[in-house]
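Engineer: Please find the sequence and the predicted model below.
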Amino acid sequence: MGGAGEEGEAVKPGGVLQGRYELGRVLGHGNFGRVHAARDLRTGRGVAVKVVSKDKVVRAGMMEQIKREIAVMKRVSHPNIVELHEVMATRSKIYLALELVRGGELFARIVRAGRVREDVARRYFRQLVSAVDFCHARGVFHRDLKPENLLIDDAGNLKVVDFGLSALADHARADGLLHTLCGTPGYVAPEVFRNKGYDGAKADIWSCGVILYVLLAGSLPFPEDNIAAMFKKMSRGDYRCPPWLSTDARRLIPRMLDPNPDTRITIAQLVEMPWFTKSSVARPVKAATDDDQPAEPVCAGAAKDEPPETLNAFHLISLSAGFDLSPLFDVEGGSSARRGQHLEGGMRFATRESASGVVSRLEEVAARGGGRMRVTKSGARGVRFEGAGRGGPKGRLAVAADIFTVAPSVLVVDVKKDGGDTLEYRSFCSDELRPALKDIVWAADPQPAATAVV
Ligand code: PIT
């Protein structure tokens, strides 16, 4: 939404506008003013009111822009676009009474969840494309599409807001192209940066491609720490897809993030792509054939399998080598962890095995010693076992393994010495425990270059 503006006069929660709208909490900041939740006193209906300071708009020379925003919003009435109910004005303010969307920004959801499951992303993305297509058909180009400008309502439907930077087709110059440099770095198409005119529809499709990538990957394809470097990467299509993206997503994203607007996918083509058309009902797994090989460019880092269901834990874990996840935790052994070794007297690993599978594996290890060890505690939260004999001078070796769920199908198992001699424990770990657990340890891909998330 950007462009926050403080109000000079008392338009405050609890106040009543024009005897009609009782203002509530601030929902966010639009261009030139705040957006409040409000109640229409005549109908009792909830609305959102964007309060714009005329003074600020005039000072910024943006009166035309506000007028355009209003004109555009009147033109576009669509279930996935925030509706403009009414415009009011006083000497110093303009008020836009808008459809109330209570669920907040899609951006906040991505930040909270890390990323979004493909089926959920597909639903949002279809609604986004429906809204964008509708706008384009009416000669409206949004030009600032990004997750901050996509709201989610109580029913989980997406609503596009902020047409403050939008353009109408009639603003194109004689070359048929738009020339204003606008938008948000990270989401703006490379041809907009080039400043030689651009097709507003193609530029919006690029932004939708970035949004799709962000939804599925949880990060920007072209991080924006340095605009020049970012532009170079955008122009070369230099980005990578994380390993969990499906093959269909890997085929679609490069068609949207095509640096050449002339060859970039159109909405008509996009809605025919398998990722877009896929039904949400699970289909039987089909054996791979040669026909499955992509004809078009596929996003680098391709995985052959469907993505795992789990969210960001996979990403975190994939960045940690096999057995030692200690960089993810701030408990004991920090210094040895930083040296990339096992925890002092402990080891930790991630697994996609079920808790009961981990427990029986640990019980097997304990049983292997031919009665040398006995299990003293066993349950879904972990296992403890110890030497059956008297043990050495430091007592019986005891090992405790705690099991934590970090995501729906990812466990972290934390193995510690719970008694006995450290050297004996270490050799038990390296000679018996580690080899026995090797095949259930969820390890980073053996070819990190192919799966790195840039
Ligand atoms: C909400 C809820 C809602 C509307 C908005 C935000 C509107 C935001 C907005 C509207 C604009 C604009 C910038 C932001 O230029 O129902 O959280 O016209």
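Structural biologist: Cool, got the structure.

Engineer: Name the residue of the stretch 251-400 of the chain that lies nearest to the ligand.
Structural biologist: For the stretch 251-400 of the chain and the ligand, the shortest gap (CB to the nearest ligand atom) falls at residue 267, measuring 23.4 Å. C-beta here means a position set from N, CA and C on the backbone, and glycine is covered the same way.

Engineer: That residue: neighbouring residues, count only.
Structural biologist: For residue 267, the tally of surrounding residues (other CB atoms under 10 Å) stands at 18.

Engineer: Could you identify the longest helix within the chain?
Structural biologist: helix 118-137 (DSSP state H).

Engineer: okay, that helix in CSV with CA atoms only?
Structural biologist: Taking Å, rounded to 0.1, in the frame of the first residue of the first chain, the C-alpha atoms of helix 118-137 are listed here in CSV:
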residue,chain,number,x,y,z
GLU,A,118,0.3,-25.1,-3.9
ASP,A,119,-3.4,-25.8,-3.8
VAL,A,120,-4.0,-22.7,-1.6
ALA,A,121,-1.7,-20.6,-3.8
ARG,A,122,-3.6,-21.8,-6.9
ARG,A,123,-6.9,-20.6,-5.5
TYR,A,124,-5.5,-17.1,-4.7
PHE,A,125,-3.7,-17.0,-8.0
ARG,A,126,-6.7,-17.8,-10.1
GLN,A,127,-8.7,-15.1,-8.3
LEU,A,128,-5.9,-12.6,-8.9
VAL,A,129,-5.7,-13.5,-12.6
SER,A,130,-9.4,-13.2,-12.9
ALA,A,131,-9.3,-9.7,-11.4
VAL,A,132,-6.3,-8.7,-13.5
ASP,A,133,-7.9,-10.1,-16.7
PHE,A,134,-11.1,-8.2,-16.0
CYS,A,135,-9.1,-4.9,-15.5
HIS,A,136,-7.1,-5.4,-18.7
ALA,A,137,-10.3,-6.1,-20.7
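
Engineer: Please identify the buried residues of it?
Structural biologist: By 16 or more other CB atoms under 10 Å, the buried positions in helix 118-137 come out as 118, 120-125, 127-136.

Engineer: Distance of residue 57 relative to residue 93?
Structural biologist: Separation of residue 57 from residue 93 (CB to CB, to the nearest Å): 10 Å.

Engineer: Check the stretch 201-350 of the chain for the residue nearest the ligand and tell me.
Structural biologist: Relative to the ligand, the nearest point of the stretch 201-350 of the chain is residue 207 (16.0 Å; CB to the nearest ligand atom).

Engineer: Can you list phi and psi of the residue lying closest to that residue once chain neighbours are set aside for me?
Structural biologist: Among residues not flanking residue 207 along the chain, residue 145 sits closest, at 3.9 Å (CB to CB, 6 or more residues apart in numbering). Phi and psi for residue 145, reported as degrees, to the nearest 10, are phi -80, psi 130.

Engineer: And residue 145, how close does it get to residue 12?
Structural biologist: Distance from residue 145 to residue 12, by CB to CB: 32 Å.

Engineer: can you check residue 213 too?
Structural biologist: Distance, residue 213 to residue 12, using CB to CB: 40 Å.

Engineer: Same question for residue 414.
Structural biologist: Counting by CB to CB - residue 414 and residue 12 are separated by 51 Å.

Engineer: Looking at the two, which one has more neighbours?
Structural biologist: Shown here are residue 414 and residue 12; by other CB under 10 Å, residue 414 has more neighbours (19 against 10).

Engineer: is it true that that one touches residue 350?
Structural biologist: No: using CB atoms under 8 Å, residue 414 is not in contact with residue 350, being 10.5 Å away.

Engineer: OK, contacts around residue 424?
Structural biologist: Going by CB atoms under 8 Å, 6 or more residues apart in numbering, residue 424 touches 392, 397.
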